[in-house]
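K.L.:
A structural model of the following input is requested.
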Amino acid sequence: MRQLRVLFVCTGNRARSQMAEGFLRQSAGHRFDVYSAGTKPKGLSSITVEVMREVGIDVSEHRSKSVEEFVSEDFDYVITVCDVARAACPRFDRSKRQLHWSITDPAELEASGVVSIEAFRAARDELRSRIEDFIRRESPEREL
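P.N.:
Numbers count the residues shown, from 1 in each chain. A predicted model of the protein is given here:
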């Protein structure tokens with residue numbers, strides 16, 4: 001059975017795309033080959049690691065990557081998880097489907113000096129729900 005290749009993209013690859021990668025890997029990593037990247041990578045947030053650990057997922061070994069590392073690769077899905085990344089994301093002409101999920105950026109508050117772990121938890125929980133829906137809808141057996 002062929003795994004579907006999925007790339008999650010946000011701006012900094014600090015929180016949302018990292019969370020989405022962690023959820024899909026844990027929930028259906030045997031069915032999906034999963035990656036994440038940012039249009040302007042800024043490093044993995046320690047709060048992202050903390051809130052994912054709260055739900056039993058360890059993303060501490062993830063690293064922040066640029067979308068430029070992936071532009072020449074084939075993906076079944078490229079999923080942008082923020083509006084800014086959607087506008088700035090290079091075209092992945094070889095991807096079969098491009099989706100967009102507008103998730104509020106919890107790291108934006110962190111960057112301004114205001115840390116709200118609740119904002120990270122809210123993004124995490126919304127992403128978990130979207131990933132669960134995505135897994136139910138998509139499978140490697142299904143033709144694209």
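
K.L.:
Would you map the strands across the chain?
P.N.:
4-10, 32-38, 77-80, 97-100 (DSSP state E).

K.L.:
now for the second one, which elements pack on it?
P.N.:
If you count contacts as 3 or more C-beta pairs under 8 Å, 6 or more residues apart in numbering; DSSP states H and E, strand 32-38 packs onto strand 4-10, helix 16-28. Glycine gets a C-beta too; all of them are placed from N, C-alpha and C.

K.L.:
For K42, which of the ones you listed is the nearest?
P.N.:
strand 4-10 (10.2 Å; C-beta to C-beta).

K.L.:
Now do the closest one: everything it contacts.
P.N.:
If you take C-beta atoms under 8 Å, 6 or more residues apart in numbering as the criterion, strand 4-10 is touched by 16-17, 20-21, 24, 31-39, 67, 70, 73-82, 85, 89, 92, 95, 103, 105, 138-140.

K.L.:
tell me the most buried of the strands of the chain?
P.N.:
Among the strands of the chain, strand 4-10 has the highest mean neighbour count (mean count of other C-beta atoms under 10 Å), at a mean of 27.

K.L.:
pLDDT of that one, averaged?
P.N.:
Strand 4-10 carries an average pLDDT of 94.

K.L.:
what angle sits between it and strand 32-38?
P.N.:
Counting by axes from the mean of the first three to the mean of the last three C-alpha atoms, to 10 degrees, strand 4-10 lies at 20 degrees to strand 32-38.
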